[in-house]
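Participant: Fold the following.
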Amino acid sequence: MATHDRLDELREELEARGADKIRLELVRRARNFKRSWVEMAEALVEVRAGELFHQWGYPDFHTYCQSELLLTKATVDKLTGSYSVVREHAPQVLARDGLAQPIPTVDAVEYFAKALRGTEPANDGETDDYEDDRVSELKQAVFDDQTPVAVLRRTFDPLFFPKPEGAERVEALEKTRSATRRLEALLQQVEGIDEARAKQLLQLLSQLREELDTIIPDAKAELGEAKRKAS
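Facilitator: All right, here's what the predicted structure looks like:
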């Protein structure tokens, strides 16, 4: 049975038992939260703050969410954490209707939160203008332009999550090794190629793969050392 069907049945059962309106509303929002995650997150924050789950017979907040709303701890933390970010950094979003005034996806907000953590001030409590510009551009992309998270990653990862020195080299080497293996497999299936030439190509590809198998561990070790020095 699909999750939304189970929640529909639960809501009907709770209504028949005379459950209070807030509890019924939470189940309804769990049913629709993918359409309006802000609405769901707001309700979860209220339930957690008021510890209403105790009134409903649950020992803790996450047990209630898992048992009654069928929401995992990871999902609940993502929703409530993203809601807190919106409330702090873009409270105007909370007044949007989600239709004429779109609401950013929870994944986009979570990306913004992660990027923001990476720009926390140093010991002097100040950030430079460049960091401020980065945050402003990302904030507009997330909350005003409704930029999909995939586009956010392509655009802002180099600014907020730059790869350590050597990472691109390792990535290129691993992609080359994967392509070599695929080509080896394809050559053994393709018909019409001169048998002697195919054999020669397979031998060259095998040698290339073996060479890559030797180079990649050293490249990864160098990358690991660069990460340790940077941390």
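Participant: domain parsing for this structure?
Facilitator: 3-87, 104-160, 167-230 (automatic domain parsing).
Participant: Verify the contact between Val142 and Ala113 for me.
Facilitator: No: the pair Val142 / Ala113 is not scored as a contact, 9.7 Å apart, by CB atoms under 8 Å. Glycine gets a C-beta too; all of them are placed from N, C-alpha and C.
Participant: What backbone torsions are found at Asp218?
Facilitator: phi -70, psi -40 (degrees, to the nearest 10).
Participant: How about the contacts made by Lys220?
Facilitator: Val170 (CB atoms under 8 Å, 6 or more residues apart in numbering).
Participant: Can you tell me how far it is from Ser82?
Facilitator: As defined by CB to CB, to the nearest Å, Lys220 lies at a distance of 34 Å from Ser82.
Participant: Give the buried residues for whichever strand or helix holds Val151.
Facilitator: Using DSSP states H and E, Val151 sits in helix 149-160. Of all the residues in helix 149-160, those buried under the rule 16 or more other CB atoms under 10 Å are Val149, Leu152, Phe156, Leu159, Phe160.
Participant: neighbours of the nearest residue to the last one once chain neighbours are set aside, just the number please.
Facilitator: In space, Phe160 comes closest to Ala115 once its chain neighbours are excluded; the distance is 4.1 Å by CB to CB, 6 or more residues apart in numbering. Ala115 is flanked by 20 other residues according to other CB atoms under 10 Å.
Participant: quick one: pLDDT of Ala115?
Facilitator: Predicted confidence (pLDDT) for Ala115: 92.
Participant: Contacts only, for it.
Facilitator: Here Ala115 is in contact with Arg134, Val135, Leu138, Phe156, Phe160, Phe161 (criterion: CB under 8 Å, 6+ apart).
Participant: Among the residues you listed, which pair sits farthest apart?
Facilitator: Pairwise distances across the contacts of Ala115 (CB to CB) peak at 13.8 Å, for the pair Val135 and Phe161.
Participant: These two: which is more packed in?
Facilitator: Val135 (18 against 12).
Participant: contacts for the helix or strand the more buried one falls within?
Facilitator: According to DSSP H and E, Val135 maps onto helix 129-143. With contacts defined as CB under 8 Å, 6+ apart, helix 129-143 is touched by 86, 89-90, 93, 104, 108-109, 111-112, 115-116, 119, 147, 152, 155-156, 159-160.
Participant: at 10 Å what do you get?
Facilitator: The contact list for helix 129-143, computed with CB atoms under 10 Å, 6 or more residues apart in numbering, reads 85-86, 89-90, 92-93, 96, 102-105, 108-113, 115-116, 118-121, 127-128, 145, 147-149, 151-152, 155-156, 159-160.
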